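Participant: Next input, structure requested:
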Amino acid sequence: MAATAAVDEAALAAVRGLMRQARVPGHFDKVYKEECMFCFASNESPGGLFINLSTHQAFDAEHLPLDQQRGGAALYLHQQARKVPLSGDELAAAAGGRQRPEVMAIGVEGGFQVDAKQYRVEVEEALVVMPEGTRIPLPCPDLPELVLGCIDAVQKHASASQQESVAAWQEERRVSRYAADLEQLPATRRIPMDPKQWRCDETGLQENLWLNLSTGFIGSGRVQAGIVGGGSALRHYEATGRKYPLAVKLGTITPHGADVYSYAADEDDMVLDPQLPAHLAHWGIDVMRMEKSEKSMAELEIDQNLSLEFDKITEAGAALQPLTGPGYVGLVNLGNSCYMNSVLQVLWALPELRSRYVDAAAAIYGSAPQDPASDFAAQFAKIGTALLTGNTKAPPPAPAPTAPAAAGAAGGSAAAAGAADGPQPMSCEAEEVEAEGGPQAGVQDQQGSGHSVRPQAFKSLVGRGHPEFSSGRQQDAQEYFGHLLEVASRAEHAAGARLAAAAVQEGSDAVPQAGQASLEGPTARLFKFGTEDRIQCGETGRVAYISSESTCLGLHIPLEAAENLADLQRYQERQQKRQKVKGEEAEPGVAAAAVVTATTKEDEEEARVVPRVPFSACLDGYAGDSLVEGYYSLAAGKNTQAIKRTRFSSFPPYLLVQLQRYYTDDSWQPRKKEVEVPAPQQLDLEPLRGQGLQPGEQLQPADGPSAAPSTTANPSAATPSTTPPPPTADETIVGQLVSMGFTANASRRAALAVGNTNADAATAWACEHMEDPDFNDALPEPAAAEAAGAAGGGGGAAVAAAQPSIPEPSPDSLAMLAAMGFSERQARGALAACQGSMERAADWLFSRKGDLEAAVEAALGAGGAGAGGAGVAGPDAAAAAGPASAAAAPLPLLDGPGRYELLGIVSHIGANTGCGHYVAHVKKEGRWAIFDDEKVAASEAPPFDRGYLYLYRRCE
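Facilitator: Residues are numbered from 1 along each chain as shown. Below is the predicted model:
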């Protein structure tokens with residue numbers, strides 16, 4: 001315990017006069033003590049951290065005056081930590097004879113132990129009185145009790161990041177409902193105790209064998225990544241009428257248990273069998289005499305995490321040159337956060353983001369609200385400043401351990417073993433585990449070095465309130481990209497003039513650089529492009545043009561267009577011959593070769609052949625003619641076939657392309673297309689620019705078949721037709737979705753939402769909107785839907801008359817929308833139009849900036865026109881709403897030549913987007929760099945043909 005020091009009485013008197021500023025944090029309060037609110041400095045960084053005893057927010061020495069000026073705080077707890085190497089005896093005790101992990105978990109017995117101690121952290125603390133900077137070393141019993149209690153509570157309180165992070169990965173297995181009363185047939189055979197005598201009763205295989213606990217049948221398991229199998233155990237379950245679901249993996253039986261799988265449809269997962277010893281004894285197996293001869297499923301999963309074959313994506317095996325400095329800072333993996341890290345590294349290659357956030361960081365911090373942790377602008381600027389300036393505020397290098405035993409102290413930690421070997425594939429997304437409490441004597445060995453930062457606060461902020469992005473699970477990088485743009489757009493709208501004022505105040509990039517788009521409007525505007533769908537009635541030949549906007553170009557991969565079909569066919573024939581020898585069944589066709597499966601040992605001798613599809617074939621599929629069934633033609637007055645063709649109506653400064661490698665199979669399981677699609681580094685899309693209505697084309701009539709026929713189209717004066725009568729859902733699509741488990745109401749909503757295109761599109765829409773509050777509600781009547789949507793023009797009185805009574809919105813929803821910069825009246829209108837859904841209401845408001853007042857009038861039933869109405873709301877209503885509501889005309893889409901160069905790639909390794917690993921490649925200073933979480937290096941072979949997301953920059 002540190003000795004107490006004599007304290008000047010004048011300093012104590014000053015503290016007594018300020019002690020009411022000290023606020024003791026409660027259990028549910030957040031204490032931001034791990035890093036500075038405006039940078040990534042920690043208590044180990046030079047100068048340490050100053051924790052505000054009123055707000056419980058930490059700041060480094062650079063930003064301390066800013067916080068003191070913003071809030072007038074005077075009392076700060078200063079912490080300066082340093083690492084002291086452990087002695088040889090301490091290192092040996094810390095290792096504790098730890099063995100290779102056997103449980104897929106972190107920080108539990110038998111699991112990953114990422115807290116191997118090599119250093120002891122010593123912390124020097126003092127109470128600092130601002131603005132004079134008077135220091136009172138701690139401990140100091142002469143301080144007022146209120147101040148001492150506050151300091152003690154801050155020291156012991158879990159940090160905000162610890163409160164928000166997910167610490168346990170342990171997969172819980174539930175007890176099978178079939179175990180207690182399991183039916184076992186008479187034992188007509190005894191299973192040998194010697195593993196060498198085990199063979200599949202159907203194929204003769206001797207690996208991956210599963211014993212059906214009811215019938216005594218030994219069958220091979222299913223083929224999985226790196227595991228040989230014939231699937232006979234599953235076929236036996238199906239052949240016996242699906243009556244005997246439990247099977248045990250023979251090679252995993254020990255006195256402590258074994259791997260048990262339930263094939264039952266209501267479980268279909270690894271389970272626990274409390275009666276396993278008795279069930280095995282029925283077949284002559286004494287668990288007390290068994291030893292494990294095969295790896296358990298958890299161990300196999302760990303092996304896959306420890307030795308993932310990243311192949312061309314992570315450039316494994318290449319001697320890559322590490323890159324450090326501005327623009328080459330890594331992001332620490334927080335546990336399945338590589339999807340976020342990859343997206344951020346690609347986004348921060350945009351000079352427009354640097355101009356808006358990094359160059360204006362000081363002004364953004366100075367205008368931040370009382371809680372900077374909840375301010376998107378401040379946290380985004382914090383991330384960008386670290387990545388682009390290279391100022392990570394990293395602590396000084398720790399002294400090397402003095403004992404020879406240090407080399408082996410980490411036990412079996414693969415991460416520790418490879419840390420000194422330069423850039424390597426990250427094989428396991430290890431979550432940092434720290435002792436709860438504070439900077440008391442503990443171990444905080446960070447991953448990587450001073451060339452990476454830990455984006456925990458940003459992840460928590462952007463994921464707050466989202467069921468997936470707030471979790472510790474792996475996510476889809478494309479979905480996160482869209483979510484991040486949505487969060488940024490809302491925050492930028494709420495910030496209003498604050499960001500613009502910050503940019504003007506800094507003034508470093510007032511004039512956009514070459515190739516840099518205007519900063520006006522939200523960041524999402526840089527990616528937003530317009531599309532033009534031309535739909536031609538197959539019966540009358542008349543056309544309709546439908547405009548839409550998007551921020552991502554999704555391209556289907558047509559496997560049938562593979563260039564190497566002949567090589568694929570020969571490879572599959574060889575595979576079928578090998579599998580025939582093993583008694584396995586192969587699925588013919590290109591699609592089967594594209595599904596991610598494992599190879600057997602013999603197959604590993606031959607390089608795998610996968611489909612190679614030209615990028616142009618993906619574009620042809622997007623822009624080519626497609627047949628639309630069930631199209632309602634106003635000219636024909638009935639549902640008929642139509643031909644649809646899509647073109648671009650504008651080209652954004654940055655185009656995000658998604659290659660749709662992932663899908664769900666017939667059994668509703670996520671799958672990946674193992675296919676190569678070489679993406680061009682130069683992309684010319686100008687031939688796909690839409691031209692609008694052409695001479696000789698006739699538009700669909702505006703008022704149905706009885707309306708006067710349209711005249712020959714004049715492109716300069718053409719106007720699109722009005723919306724047709726409410727369409728009906730394609731019952732074929734509805735039936736397919738119902739068979740998947742969706743309700744009839746939800747299925748109809750999905751079919752209508754995608755225009756009755758196909759079941760796949762409707763399924764994707766349904767999966768994305770399952771959390772909508774009205775997802776399973778019956779579709780509203782046409783009149784009510786028109787009034788609620790406020791999307792049509794004219795008929796203000798009729799809309800108001802049809803509008804049902806408006807329920808009182810939630811005060812929380814009103815407050816959240818108000819925080820985004822909208823008035824209470826606008827928030828009420830949006831919530832009324834969206835049946836009380838706050839998320840949909842926010843989208844509703846942001847999508848109607850140009851005619852917001854008219855839409856609000858219609859939604860509230862105040863006699864205004866729909867969103868398309870002109871001049872109905874009147875000047876008085878706009879004036880009453882105030883300047884924040886008097887929205888200007890919507891900003892036009894940014895447009896320019898449709899010629900692009902490749903700027904960034906986000907690639908994914910894994911069977912589906914819910915697992916695996918993401919890596920980013922970004923072109924900087926004329927060369928490609930790989931960003932593999934905290935590892936950054938020069939890239940020698942970017943995976944142009946293996947990417948998932950491609951970001952293109954427009955060539956001016």
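
Participant: Is residue 14 part of a helix or strand, or is it coil?
Facilitator: Following DSSP: H, G, I helix; E, B strand; the rest coil, residue 14 is assigned to helix.

Participant: and residue 233, that's in a helix?
Facilitator: Yes: under three-state DSSP, residue 233 sits within a helix.

Participant: Now do the same contact list for the nearest residue to it once chain neighbours are set aside.
Facilitator: Using Cβ to Cβ, 6 or more residues apart in numbering and skipping residues adjacent in sequence, the residue nearest residue 233 is residue 219, 3.2 Å away. Where C-beta positions appear, they are placed from N, C-alpha and C, glycine not excepted. For residue 219, the contact set (Cβ atoms under 8 Å, 6 or more residues apart in numbering) comprises 200-202, 209-210, 212, 230, 232-236, 247.

Participant: Make a PyMOL selection of the buried ones in those residues.
Facilitator: To isolate the buried members of the contacts of residue 219 in PyMOL, using 16 or more other Cβ atoms under 10 Å:
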select buried, resi 200+201+202+209+210+212+230+232+233+234+236+247
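
Participant: closest to residue 648 among the contacts of residue 219?
Facilitator: residue 234 (47.3 Å; Cβ to Cβ).

Participant: is residue 904 in a bridge, and if so with what?
Facilitator: With DSSP bridges applied, the residues forming beta bridges to residue 904 are residue 922, residue 951.

Participant: which ones are touching it?
Facilitator: By Cβ under 8 Å, 6+ apart, the neighbours of residue 904 are 345-346, 349, 920-923, 950-951.

Participant: sorry, back to before: report the secondary structure state of the residue nearest to residue 233.
Facilitator: Applying three-state DSSP: residue 219 is strand.

Participant: how close does it sit to residue 231?
Facilitator: From residue 219 across to residue 231, the span is 8 Å (Cβ to Cβ, to the nearest Å).

Participant: Any figure for the gap between residue 144 and residue 128?
Facilitator: 16 Å.

Participant: no wait, residue 346
Facilitator: 41 Å.

Participant: who's more crowded, the two?
Facilitator: Applying other Cβ atoms under 10 Å to residue 346 and residue 128 shows that residue 346 carries more neighbours, namely 24 against 18.

Participant: Now that one: closest residue in space that isn't a chain neighbour?
Facilitator: residue 904 (3.7 Å).

Participant: Could you do residue 246 as well?
Facilitator: residue 213 (4.7 Å).

Participant: To what extent is the one you found buried, counted in neighbours?
Facilitator: Neighbours of residue 213 using other Cβ under 10 Å come to 25.

Participant: Repeat that for the one 3 residues further on.
Facilitator: By the criterion of other Cβ under 10 Å, residue 216 has 20 neighbours.

Participant: Equivalent analysis for residue 174, please.
Facilitator: So residue 174, with other Cβ under 10 Å, has 11 neighbours.

Participant: The residue nearest to residue 346 and residue 251: what is the separation?
Facilitator: Counting by Cβ to Cβ, the gap from residue 904 to residue 251 is 45 Å.

Participant: Identify the residues contacting whatever helix or strand residue 11 lives in?
Facilitator: Following DSSP states H and E, one finds residue 11 within helix 9-18. Residues from elsewhere that reach helix 9-18, judged by Cβ under 8 Å, 6+ apart: 74-75, 127, 129, 132, 134, 136, 142-144, 147.
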